[in-house]
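Asker: got a sequence here, can you model it:
(2 chains)
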Amino acid sequence: MQKRAYFGLYIVIAVLAVLPLVVPNSFYLDLAIRMAINAVIVLGLNLLIGFAGQISLGHAGFLGIGAYASAVLPTHFGWHPLLAMGAGAAVTGLLAAVLARPIFKLKGQYLAMATLGLGIIINIAIRNEAAWTGGPDGMPVPTMGLMGFELASDKHWYWVVALMLSVSVWASINLIDSPFGRALRALHGSEVASQVVGVDVVRYKVAIFVMSAVFASLMGSVTAHYVGFVTPNLADFFHSIELVTMVVIGGMASVYGSLIGAVLLTALPQALATFEGWETVAFGVILMVCMIFMPKGLVPTLAAKFGKGD
Amino acid sequence: MLAQFLQFLFSGATVGATYALAALGFTLIYNASNVINFAQGEFIMLGGMLAVFFTQSGLPLPAALVLAILIPAIVGIVVEKLAIEPVKGAETVTLIIITIGASLVIRGLTAVFLGKGTHSLPAFSGDTPIEILGATLMPQSLWVLGVTAVVVVVLWYFFNRTLTGKAMLATSYNSLAAELVGINTSKVLFMSFAMSAALGAVGGILVTPITLTSYDVGIMLGLKGFVAAVVGGLGNGLGAVIGGLLVGILESFGAGYLSSAYKDAIPFVLILFILFFMPRGLFGARVTDRV
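Answerer: Take a look at the predicted model:
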């Protein structure tokens, strides 16, 4: 298991290393950066949804907190971008930790409702506090720099997010195989059974929720600095759904499924742009067809077909 | 003071009645299949948009309204047959994504065929406001409240006094047991989608003269209907109606007395509070999980 898991990591690193040499132009480099950013968020979300079996329909809200921390704090208060990014992650972590205890008393549909509500409240707050956030129009974000070195070009950003993605994949593989990961999978299987063998169910759920929220917040900050502009759409309900869809289409409880899901769903809107006016219909049809024929997601379905465990 | 209070109450109850119809739709489908139908809001939108389209193309109002209820019901059946029935028993997240896919298809097709403009319907019985203790009530609000009340009574009769209704109730309690006593549960599933789509469409048609409609109004209406269903305790019909009215009225008071900018956030703050203290809503059944 360990060896095979690391084999996948080497492939990911090799692909990330070769990619900038083969992409034909900056359009595809930009697409690759956005895929990698989404992949990191989806890895975190998959730990929550796929491994621990807890649904969240509000993760774009956490992403929004990170993105707007990176936009508002340096612009209005002159904070250093790295400090702002840390502050965003800290606030997100704190918010997630405070809300997680009451939220995780809930199950299934009620949990979906509570996380959905949380995300929508964050989005509405961003939209309404126009004096700070620019309201529905969004606001520009200052560039990220460290000790005189500015992260400005797409090439720089590519290597930063490639490094983040590699570290996240490595961390996820190890986490899943740790006692923590086994506890998560146990509580997904049966909460009562895992309680009986001594797993502190609530503590683990809270921990994984906070972790995935902080992941989303950090990547929200990265997105903000990379794009140079933030809008409330980053934090809206539809974006939360997109992230969950990446988890499910790629494959729940599959590290490499998360990567595939993020890559496919980031590319899909680009591919559909040619269907003038029909993009929404096409996107909806693809979601439904994927889920009807592969309810477990791409990677687990294919793995089962070719007789390999993940 | 009193006039203002009444004014907020009237407008809140009117919107709340629409939420109640949407929440009833959620409840019907949830009871038959444990699916949360995220396409519910699109049926509300479809009802309003089709009513506008048919009246503008010259059909008399009653014919237009019948078509605007029938077509969403058919769309509901198609969604159930093509997308829900093949994946019976799938995980909650999978089902949520399927219904969201369906909602995107419905919204996308509406934008393509009926356009992205904002439309209105003429009020059913004129625009002369009725004065009550200094507050004004639009005749259309009476239509909304009246029709909702009739729908609730009809549904009550259907579920308590007819064999088909009782079969649907039995399925919601225990679908395996219902199958064993000879109830056709896939017909129940099919009917619940048709009925909840029709209910949503009725709500959408009734409020269009007041709130206007466009291809993208379904998302928020659907989500608030979901809030209303959860406030009342998922699966509880009466709870859904009370939840709908409560959400509508609190939203209206919040917008009036606190902040109109945060109007849309009020239902979601409300639901978080309710769920924190009553994890199964106000009237949700206490269930024990079997291990």
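Asker: quick one, phi/psi of the residue of chain A positioned farthest from its centre?
Answerer: For chain A, the largest distance from the centre (C-alpha atoms, centre = their mean) belongs to residue A:196, which lies 32.0 Å off. When read as degrees, to the nearest 10, the backbone of residue A:196 gives phi -60, psi -40.
Asker: can I assume residue A:145 sits in a strand?
Answerer: Yes: under DSSP: H, G, I helix; E, B strand; the rest coil, residue A:145 sits within a strand.
Asker: was I right about it contacting residue A:156?
Answerer: No: Residue A:145 lies out of contact with residue A:156 (C-beta atoms under 8 Å); the separation is 10.5 Å. Where C-beta positions appear, they are placed from N, C-alpha and C, glycine not excepted.
Asker: one step back: quick one: the residue farthest from the centre of chain A from chain B, how far?
Answerer: For residue A:196, the distance to chain B equals 9 Å [C-beta to the nearest C-beta, to the nearest Å].
Asker: flag every residue of the stretch 1-150 of chain A that's near chain B.
Answerer: A:49, A:55, A:57, A:102-103, A:105-106, A:108-110, A:112-114, A:116-118, A:120-121, A:124-125, A:128 (C-beta under 8 Å from any C-beta of the partner chain).
Asker: helices along the stretch 151-300 of chain A, start to end?
Answerer: A:154-176, A:179-189, A:191-196, A:201-227, A:237-250, A:255-272, A:279-293, A:298-305 (DSSP state H, counting those that start in this stretch).
Asker: just the buried residues from the residues of the stretch 1-150 of chain A next to chain B, in ChimeraX please.
Answerer: Remark: buried members of the residues of the stretch 1-150 of chain A next to chain B, expressed as a ChimeraX selection using 16 or more other C-beta atoms under 10 Å in any protein chain shown:
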select /A:49,55,57,103,106,108,109,110,112,113,114,116,117,118,120,121,124,125,128
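Asker: select from the residues of the stretch 1-150 of chain A next to chain B every entry located in strands.
Answerer: Of these, none are assigned to strands by DSSP state E.
Asker: picking up where we left off before, format the helices of the stretch 151-300 of chain A as JSON lines; extra columns: mean pLDDT.
Answerer: Output for the helices of the stretch 151-300 of chain A, formatted as JSON lines (pLDDT from 0 to 100):
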{"stretch": "helix A:154-176", "mean pLDDT": "92"}
{"stretch": "helix A:179-189", "mean pLDDT": "85"}
{"stretch": "helix A:191-196", "mean pLDDT": "82"}
{"stretch": "helix A:201-227", "mean pLDDT": "93"}
{"stretch": "helix A:237-250", "mean pLDDT": "92"}
{"stretch": "helix A:255-272", "mean pLDDT": "92"}
{"stretch": "helix A:279-293", "mean pLDDT": "90"}
{"stretch": "helix A:298-305", "mean pLDDT": "86"}
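Asker: so of the residues of the stretch 1-150 of chain A next to chain B, which ones are in helices?
Answerer: A:102-103, A:108-110, A:112-114, A:116-118, A:120-121, A:124-125, A:128 (DSSP state H).
Asker: tell me which of these is nearest to residue B:70?
Answerer: residue A:109 (29.5 Å; C-beta to C-beta).
Asker: pLDDT score for that closest one?
Answerer: Note on residue A:109: pLDDT of 79.
Asker: near chain A, which residues of the stretch 101-250 of chain B? Just list them.
Answerer: Neighbours of chain A within the stretch 101-250 of chain B, by C-beta under 8 Å from any C-beta: B:101-109, B:111-112, B:219, B:223, B:226-227, B:230, B:234.
Asker: list just the nearest of the ones in helices among the residues of the stretch 1-150 of chain A next to chain B to residue A:227.
Answerer: residue A:125 (20.9 Å).
Asker: wait, that closest one touches residue B:265, no?
Answerer: Yes: counting by C-beta under 8 Å, residue B:265 is a contact partner of residue A:125 at 7.3 Å.
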